[in-house]
Structures are given as structure tokens and as C-alpha cells.
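Participant: here is a sequence together with a model predicted from it:
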Amino acid sequence: MRVFRASLASVMGETTEPLRWVYIPYDQLNDGIGALATEPPERLGVLLIEDPEKARRRPYHRQKLALVLANQRHFALEQARRGVHVRYEVGPCAEVISHVAKEVGPLEMQRPAEHEHRTLLQPLMGTALLERPHDGWLTGSDTFRSACGKPPWRMDAFYRAVRQRTGLLMTEAGKPEGGRYSFDGENRRRWPGAPQPPEMPRFEPDEVTLEVVALIESRFAHHPGRLDATALPATREDAERLWAWAKGECLPTFGPFEDAMSRLQRTLWHTRISPLLNLHRLLPGRVVREAAGLELPLASKEGFVRQVLGWREFVHHVHEETDGLRDVADSNRLRANEPLPEAYWGTVKSGFACLDDVVESVWEEGYSHHITRLMVLSNLGTLLGLDPRALTDWFWVAYTDAYDWVVEPNVLGMGTFALGELMTTKPYVSGSAYVNRMSDYCKGCAFHPTKTCPWTSLYWAFLDRHEDRLAGNFRMSMPLRSLGKRAPERRARDRWVREQVLARLRRGSPVGPEDFEDDESGAA
């Protein structure tokens, strides 16, 4: 930390003893929220902590570790330049806070977003730490409860209520712009190869960022994932540059191709700002206001606003209301218990072009957009019956924007239906038809999407296994009626196909068309 320590010392110079001390968690790195937004800088002292134990708790993607540490160090320097007294410590978080509090008195803290972090600090609450509301969220629990009531909770009801309360994308008459709250139905085009998506900006790493990169490469070299310093937006200026790119280059075309997937253009028109939103380097309130004020096609504008103002806030409330999903009686509703295949870690190939490309992109960048997460990674996991907790933990370590409050509802709730109808109306599953319709993956696959791809059999085998559990779900009534018309021998073959796929993935062997030439099920 020599470069960073020297930079911090040179920036701070002589400072008076602050009158108010604040602990800033790693994901609240913005002076537009909390005490930093209201108190004169010279009256404030902030404590920032690098906790090596947190970094070692899971095999986090190296890009994620570098992103968090580089942003936290640069945030410290930015606050010191404003005149804030910065105390930057390395060590176990709770121990450091307890030690500092004995010197300066209780520290204030905005409520941490992560349940895991709140649990770690709980013994200090009311003594070393005084909790305040988290100003980074756009909605409070009262809004969520009045809009959604008791579970099951639905995002569309919450989203309508928040639009009405905030006035975003609403007319003076109190109606949604364009006459509808959602234009999701217009945002489902497959990308045909044109127009050409923009290239994501690259960032010139300074000495502080390079020091973080060297730290990760030396102490966390055994962690998975590629670390690319030029893909690290680490400073306030980097965050502004990424947001400017997103507004100018991505959002105008975002809507129509929001659900498209491509191995040729993995980002398409997705803004890539979620890692910075979840660190609060970019404030959610600001980005939705600015996006809503842009001259954009309404479907693109509304699609972006819904992701941030709607879904992001919604999953946060679900996590809070259930004490980090610990109050949920059953978090494995479909009794899925298959171990996570090595193919998800990228150490072997699965044989499915869609999965292998998405996994490769994740370990290269710590990123893939929300449809690949839902309809490739989670979809296959649900069809195969992978342990939803294992899949959730994989997302947690693999993605640069993943924290417990966002990844657990998204994967356990929406991605795998492990929470049942708590927050979604149905399992989000499909066979090869959806992947073929919305992507170019199938063109580079050994399987033909309509003739040989096992995904369709996996889909029917999923319905077959859970027919009784899903019988009362009105949104599954049509697929279940179709299942009822499926001949017994075909249903038997669907089950056999699933076992064949699982057997090969368990062994770390890629699945190929030849694996299904000899049907041992006795089916035709």
C-alpha cells in the first residue's frame, strides 16, 4: 500500500480533529449520501477498512476484488481532497471498528446493504456503531409494504406504485407516459448483426489502481477470473465517463435488444454500470432521473428505469423483509440437489455453445447481462435440478456486481424458483427454442436447436418431475396441458436425456450429439 499511503498522506496534510466520525462500508462510496452529503468536510472523519478475511471468505473473481479495493482507495483520496479526515485501516472489520471507537467514540454508519455485513457488525450496534438509514435507496420499506402487502410479492405492483410516487415517466395527469407502465413486450428483438453495438470504454489505470492489481495478483492469484486493469473504472472520473458512454452510446438503442444474446457482441447495448451502482459510485437516484430526462425512445427509457427503479429496489426489499431470506420457510421448493458442474467454473467445457460462451465471458470479465444469467445459466441449472444454493454462491463469487441482497433474490427467487411464488409467478424455464430465437449461440453449437439439442428434453423432463408441484400455478397450466399430451415413451426419453447430460457433466465431460444415439430408456 506504499503508493496509496503516500498519496493519502500528501493529500491530507494537516487536519484538525473532526467532530463527527463515520464508518463507510465498501459499497457506500459516494459523498452524495449520508453524513458526507450534509456535513462540512472539515467536521468529518471517515473510517474505511480493507478486510482481508472478507476477500478470502469465498473465491471471488479477481476482477471483483480489484474493483472494490481500487474504488475504495480512490474514494478515500477523493474525500481527503475535499478536506475530510480519512482513516484507512487494514484488518478484521469488527475488530478495527471496535478499536477506533475506543479512541474517538461511537461511529455513525448507514445501514449496510449486505445482510452478511450487518450480521458481522451486529455485536457493535448501539455501542461502537450507531446505525442511520441508507440514503442510497430510492424507496423505503413503507413504500414496499403499502404497494405489495403480504407475500407473495409482485414487482409490477411495486413498480407502478413507485412510478406514481416519484412521478418518473408520468404525465401531469398522473398517467404513465405512452399509456403503459411497461414496454417489455417491445424489447424482445433478436440482434441480427446490425446495428453495431458500441465498444465499452477502457480506463487508464494510475499507480494506485496498479498497486491494487499487484496486490490481487500476488495474494489472490489462486482466485478464478481474469484481471484486466483497463476494464476497471476506479475513480470518480472513470465512473462519470462510463455513465456518459452509457447515456450517449447505449440507452438510445438499449430497449429493442434488451433481451438479445450474442457470442459476437456480449454487451450489446447494456450499460455495464451495475457494479458501480452497487458500490454507489453512481447513485441510483441520479441515473434514473437523468435517463428519464433524455431524448430517447420510450421503450428504451422505460426498460432502463424499470431495471433500476423497479427490479433493483424490489429485490432489495424482498431481502430486507425476509431477513436475508432466512425467514423464508422453504428455500429449495423444487428439492433440487445436483452438485454444480465443473463446466460452470470454466475448467471444462459442457458441449453447449450457449453455456460455454457465457461462462467464458463471466470468467473473462466478471460480467454477462441479465438475460444470459436468467435464460442460460439459471435456466439450465433449473432444468437439470442443480442445487440452488450452490448456483447462488457461484453467482456471488463470479460477478463483479453480485452481493447477497441482489444475488440471492435473483437466483434463488427468479432464476431457480427455489423460493416458489414468493416473488415470481412461475419458473423461468425454456428449451432450446428460446435460446435459438434470442441468440446466435446455436449457430456455433454441435447440437441442432430443433433436432438434436437436449435442452428441449430437459424442459419436458423438468415439467415431468414437478408436475404435481406446479399443478396449481395458473401460468404453468398451458405447458402442463401440453405435457399431458406427450406420449409416455417420449416422457421416458426426456428423463433418460437428463440423466445422460447429468452423467457427463458430473464427470467433467462435454455433452455431444453422439451421447443420445443409443436410447437406453426403451423409448422410440
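Facilitator: Perfect, I can see it now. Everything numeric here is computed off the predicted structure, so don't read it as measured data. Residues are numbered from 1 along each chain as shown.

Participant: host element of the residue lying closest to residue 310 once chain neighbours are set aside?
Facilitator: With sequence-adjacent residues excluded and distances taken as Cβ to Cβ, 6 or more residues apart in numbering, residue 310 is closest to residue 159, at 3.8 Å. For glycine as for every other residue, the C-beta is placed from the backbone atoms N, C-alpha and C. If you go by DSSP states H and E, residue 159 is part of helix 155-166.

Participant: now do the buried residues in that helix.
Facilitator: Neighbour counts over helix 155-166 (16 or more other Cβ atoms under 10 Å) mark 155, 158, 159, 160, 161, 162, 163, 166 as buried.

Participant: okay, now the unreliable bits of the stretch 301-450 of the chain?
Facilitator: Low-confidence segments of the stretch 301-450 of the chain (pLDDT under 70): none present.

Participant: quick one: the helices in it, in order.
Facilitator: 313-321, 353-365, 370-372, 379-384, 388-398, 404-408, 432-438 (DSSP state H, counting those that start in this stretch).

Participant: got a markdown table for the ones you listed, with mean neighbour count and distance to residue 249 too?
Facilitator: Formatted as a markdown table, the helices of the stretch 301-450 of the chain follow (neighbours: other Cβ atoms under 10 Å; distance: least, Cβ to Cβ, whole Å):
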| stretch | mean neighbour count | distance to residue 249 |
| --- | --- | --- |
| helix 313-321 | 22 | 26 |
| helix 353-365 | 22 | 18 |
| helix 370-372 | 20 | 19 |
| helix 379-384 | 25 | 29 |
| helix 388-398 | 22 | 26 |
| helix 404-408 | 24 | 25 |
| helix 432-438 | 20 | 22 |
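
Participant: for residue 513, see how far away residue 435 is.
Facilitator: 16 Å (Cβ to Cβ, to the nearest Å).

Participant: which SSE is immediately downstream of the helix holding residue 159?
Facilitator: helix 207-219.

Participant: which element follows that following helix toward the C-terminus?
Facilitator: In N-to-C order, the element after helix 207-219 by DSSP H and E is helix 236-245.

Participant: among the helices of the stretch 301-450 of the chain, which is nearest residue 96?
Facilitator: Comparison of those against residue 96 by Cβ to Cβ identifies helix 404-408 as nearest, at 21.4 Å.

Participant: now do the closest one: everything it contacts.
Facilitator: Contact with helix 404-408 is made by 113-116, 278, 312, 315-316, 319-320, 324-325, 392, 395-396, 399, as judged by Cβ atoms under 8 Å, 6 or more residues apart in numbering.

Participant: out of the residues you listed, what pair is the most spread apart?
Facilitator: 320 and 399 (20.8 Å).

Participant: burial measure for residue 179, as a count.
Facilitator: Per other Cβ atoms under 10 Å, the neighbour tally for residue 179 reads 7.

Participant: list the contacts for it?
Facilitator: By Cβ under 8 Å, 6+ apart, the contact list for residue 179 is empty.

Participant: and the pLDDT for it?
Facilitator: pLDDT, residue 179: 96.

Participant: try the one 3 residues further on
Facilitator: We note a pLDDT of 95 for residue 182 in this prediction.

Participant: gap between it and residue 311?
Facilitator: As judged by Cβ to Cβ, residue 182 and residue 311 stand 11 Å apart.

Participant: shared neighbours, those two?
Facilitator: residue 159.

Participant: wait, residue 130 sits on residue 110?
Facilitator: No: counting by Cβ atoms under 8 Å, residue 130 stays clear of residue 110, with 10.5 Å between them.

Participant: so the two - more neighbours on which side?
Facilitator: Neighbours were counted for residue 130 and for residue 110 using other Cβ under 10 Å; residue 110 has more, 22 against 16.

Participant: who's in contact with the more buried one?
Facilitator: 25, 28, 33, 34, 131, 132, 133, 134, 135, 136.

Participant: neighbours around the third one, how many?
Facilitator: Using other Cβ under 10 Å, residue 33 has 20 other residues around it.

Participant: that one is in what secondary structure piece?
Facilitator: Element membership for residue 33 (DSSP H and E) is empty, with no helix or strand holding it.

Participant: look up the closest residue to it, ignoring the ones flanking it.
Facilitator: Closest to residue 33 by Cβ to Cβ, 6+ apart is residue 135, at 3.9 Å.

Participant: quick one, phi psi at the one you found?
Facilitator: phi -80, psi -10 (degrees, to the nearest 10).

Participant: got the contact list for the closest residue to residue 349 other than its chain neighbours?
Facilitator: Of all residues not flanking residue 349 in the chain, residue 510 sits nearest, at 4.6 Å (Cβ to Cβ, 6+ apart). Applying Cβ under 8 Å, 6+ apart to residue 510 gives the contacts 343, 348, 349, 350, 351, 504.

Participant: likewise for residue 132?
Facilitator: Residue 132 neighbours (Cβ under 8 Å, 6+ apart): 34, 35, 108, 109, 110, 111.

Participant: if I look at the third one, how far off is residue 92?
Facilitator: To tie it back to what came earlier, the one meant is residue 108. Taking Cβ to Cβ, one finds residue 108 at 20 Å from residue 92.

Participant: isn't residue 208 right up against residue 7?
Facilitator: Yes: applying Cβ under 8 Å, one finds residue 208 in contact with residue 7, separated by 6.2 Å.

Participant: many thanks, I have nothing further to ask.
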